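>>> got a predicted structure plus its sequence, pasted below:
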Amino acid sequence: MSLKAKLGISPVAWWNDDLESLSDDVSLDECLRQAAEAGLTGMETGQRFPMDMDALAPLLHKHNIAVCGGWFSGELLVGEVEREQERIAAQLAFFKDADAPCIVYGETALSIQGKREKPLRDKVKLTETQIAEYGRKVSDFADWCAKEGMVLAYHHHMAAAIETEAELDLLMKHSSVPLTFDAGHMAFAGGDNFRVIENHHARIHHVHVKDIRADVVDGLDRSRESFLDAVIKGAFTVPGDGALDFEAITKALAAKGYQGWFVIEAEQDPIANPPLEMAKKGRAELCRVMDAAGYEVIVP
């Protein structure tokens, strides 16, 4: 029996939540239409999504698109679990109604990912003791979400507290939280994607297929340039347009039995990189590598 894969996309290709100037002037309806035209069957939520299935369902049904996840800006690094439970409650209820596979947890406390004036080298660096304490809170929060009926899948991210492979290793060691694996962010951080898959495959619940332009990433002055500077310069792109070997990455995931969503997430300038064109390019590459890895691409 073949492994099953579903192909989705993030609306960040159309609208950048961290930098409004990197956003296309299109409606949610048009965004979903373009994703469907590109052959994708899922989309993560974003800033222009209503947090209400009564409002969203007609648009989803119109374009045969499912909610395939979405970001939650967590603050557990400086806050308490009880406060985060209150902050996530509406999204959790909405995602349950939408039958989403997970909420993607991104730690935004002390992060500099949205601060263009902060260079990459200035990102917060935690000790193992601090990560262990943080991991306990993340685990408690993820456990609560699971009891409420929704998986919380942690997203390692450039310019945030858990950025590097070593930091992710420590978080996985000191927590039980499921993982959103993002090949682009890990490569940008200098990590080894294949080692991450080998070490943490049992925790991978969700996959972001973000590619990088190696010449842009390698040319950054991390003592001066920020994460947003990197995005503006074109550090990220869709699979098939960058430096990562997604056939090998997909085969590594298949070898460990991963099944589920592969979500294209490539924040970049929509004028220089038209979202529909990029979505089609990303899907074409994903279909190629899925076939090579033995996945059956299904419609949810």
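Received, thanks.

>>> all helices of the stretch 1-150 of the chain, in order?
28-37, 53-63, 81-98, 128-147 (DSSP state H, counting those that start in this stretch).

>>> next, the angle helix 81-98 makes with the longest one.
Going by axes from the mean of the first three to the mean of the last three C-alpha atoms, to 10 degrees, helix 128-147 is angled at 40 degrees with respect to helix 81-98.

>>> state the helix or strand in which the residue sitting nearest the centre point of the chain lies.
Central residue of the chain (C-alpha atoms, centre = their mean): H208, 4.7 Å from the mean position. Assessed by DSSP states H and E, H208 sits inside strand 204-209.

>>> tell me which helix or strand comes right after that strand.
strand 211-212.

>>> so which residues make contact with that next one?
Residues outside strand 211-212 that contact it (C-beta atoms under 8 Å, 6 or more residues apart in numbering) are 183-184, 187-188, 235-244, 246, 266. Where you see a C-beta, it was placed from the backbone N, CA and C, and this is true even at glycine.

>>> can you say which of these are buried?
When those are checked for burial by 16 or more other C-beta atoms under 10 Å, the buried set is 183-184, 187-188, 235-242, 244, 246, 266.

>>> and the two most separated of the residues you listed?
Largest separation among the buried ones among the contacts of strand 211-212 by C-beta to C-beta: F188 and G240, giving 17.6 Å.

>>> how close does K62 sit to F194?
Computed as C-beta to C-beta, to the nearest Å, the K62 to F194 distance reads 40 Å.

>>> swap in H63?
For H63 relative to F194 (C-beta to C-beta), the value is 35 Å.

>>> can you check K256 too?
From K256 over to F194 (counting by C-beta to C-beta), the distance is 11 Å.

>>> measure the closest residue to F227 other than its chain neighbours to L76 for me?
Spatially, and ignoring its direct neighbours in sequence, F227 is nearest to A159 (4.0 Å; C-beta to C-beta, 6 or more residues apart in numbering). Per C-beta to C-beta, A159 is found 17 Å from L76.
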